[in-house]
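Chemist: Got a predicted structure here, sequence first:
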Amino acid sequence: MTKPSEPAASRGGLDIAREWANLPPDHLEIALKALGPQLERDHEYRMKVIQLKYEFAGAKQTHTLYLVGLVAGFVISVGMLIGAVIVGSNDQPWLAAMLSGPSVLALTTVFVLRRSDTAQSRAVARSQQLALDAAAQAPPPSPVVDPTAGAV
């Protein structure tokens, strides 16, 4: 037999079975009836703990996904704006308009907010078409004449 001060959870199953073998059948029946609800409560508790672990893991994964989207949206927006400044300073305003127009807002909305509006998509398509039309109608840039060329 084990010490009475030792909790039942720390004792082995064989020790508990030996103790129960010494009980009369009436006592054993009462003990089994009392043990059933306790086992159900223990099972429900373990299942709830497992469920909470999975919910926490899912929430953590969702948070990571949104954080990555936020960073990606920021990087893309800043990259497009920097690209617009660079191509705008190289006499390509139509390309700068495409990079800094509604397309920046549309991509940022997709990456950061994780949604896409049809009206916003139409606005991006319209602005890009206008920029392409303006680029096709614009006269080719005139060559830069160096005033010191040909001077002796």
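Modeler: It's in. Residues are numbered from 1 along each chain as shown.
Chemist: hey, where'd the helices end up in the chain?
Modeler: Ranges of helices within the chain are 13-21, 25-89, 93-100, 102-108, 118-137, based on DSSP state H.
Chemist: Mean neighbour count and mean pLDDT added to the ones you listed, as JSON lines?
Modeler: Heads up, the C-betas are built off the backbone N, CA and C, glycines and all. Converted to JSON lines, those look like this (neighbours: other C-beta atoms under 10 Å; pLDDT from 0 to 100):
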{"stretch": "helix 13-21", "mean neighbour count": "11", "mean pLDDT": "72"}
{"stretch": "helix 25-89", "mean neighbour count": "12", "mean pLDDT": "89"}
{"stretch": "helix 93-100", "mean neighbour count": "20", "mean pLDDT": "81"}
{"stretch": "helix 102-108", "mean neighbour count": "18", "mean pLDDT": "80"}
{"stretch": "helix 118-137", "mean neighbour count": "13", "mean pLDDT": "75"}
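Chemist: Closest to the centroid, which residue in this protein?
Modeler: Centroid-nearest residue in the chain, with C-alpha atoms, centre = their mean: residue 65, separated by 1.1 Å.
Chemist: residues in contact with that one?
Modeler: Residues near residue 65 by C-beta atoms under 8 Å, 6 or more residues apart in numbering: none.
Chemist: can you rerun that using 10 Å?
Modeler: residue 114 (C-beta atoms under 10 Å, 6 or more residues apart in numbering).
Chemist: Please apply the same query to residue 98.
Modeler: Residue 98 touches 80, 83-84, 87, 92, 104, 124, 127-128, 130-132, 135, counting by C-beta under 10 Å, 6+ apart.
Chemist: which one among those residues gets closest to residue 27?
Modeler: residue 104 (78.2 Å; C-beta to C-beta).
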